[in-house]
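Undergrad: below are the sequence and a predicted model; questions follow.
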Amino acid sequence: LKNTELTGWTTLSWELERWSRGGYAYFAPQFRPSLRYALARPWGRIFFAGEHTSMKWQGYMNGAVETGLRAAEEVAARDRTMGVTGAIAVSGASPDRHGLPFR
């Protein structure tokens, strides 16, 4: 990310995490992959990211990173439209890339 500085980080052992226990999203065979766009749609001031919202990399770390960048850009874009100072653009992501409207 350009013009950003890492100020801290957190590590997590997913297999020890109480709620996921190291699991990743698994969709039933009849689930339509195109519905992942709905899982990624912002809801008010809540933005969603995670491998389960990725169209290309569901179930993989790549999907988590890809969707994290997308969600960060959605937050930054919302801040910019509201005149929040310090809002930045995130390289490689666009809030309307999938045509998802902000609510």
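TA: Everything's here; your move.
Undergrad: give the buried residues for the lowest-mean-pLDDT helix or strand in the chain.
TA: Among the helices and strands of the chain, helix 36-40 carries the lowest confidence by mean pLDDT, DSSP states H and E, at a mean of 83. Of the residues in helix 36-40, 36, 40 count as buried by neighbour count, 16 or more other CB atoms under 10 Å. In short, each C-beta sits where N, CA and C put it, glycine included.
Undergrad: next one: stretch 4-16
TA: Residues of stretch 4-16 classed as buried: none (neighbour count, 16+ other CB under 10 Å).
Undergrad: chain center to it, what's the gap?
TA: Distance of stretch 4-16 from the chain centroid (CA atoms, centre = their mean, to the nearest Å) equals 16 Å.
Undergrad: closest to the centroid, which residue in this protein?
TA: The centroid of the chain falls nearest to residue 49 when counting by CA atoms, centre = their mean (2.4 Å).
Undergrad: for that one, which non-adjacent residue is closest in space?
TA: If the residues on either side of it in the chain are set aside, residue 49 comes closest to residue 71, at 3.7 Å by CB to CB, 6 or more residues apart in numbering.
Undergrad: ok, the one you found touching residue 47?
TA: Yes: counting by CB atoms under 8 Å, residue 71 does reach residue 47; the two are 4.5 Å apart.
Undergrad: tell me which strands and helices the helix ranked longest in the chain is in contact with?
TA: Longest helix of the chain, by residue count under DSSP state H: helix 61-81. Judged by 3 or more CB pairs under 8 Å, 6 or more residues apart in numbering; DSSP states H and E, the packing partners of helix 61-81 are helix 36-40.
Undergrad: the residue nearest to residue 49: what's it in contact with?
TA: Neighbour list for residue 71: 40, 47-49 [criterion: CB atoms under 8 Å, 6 or more residues apart in numbering].
Undergrad: which members of the residues you listed are the farthest-apart pair?
TA: The most widely separated members of the contacts of residue 71 are 40 and 47, with 8.7 Å between them, by CB to CB.
Undergrad: alright, I will stop here.
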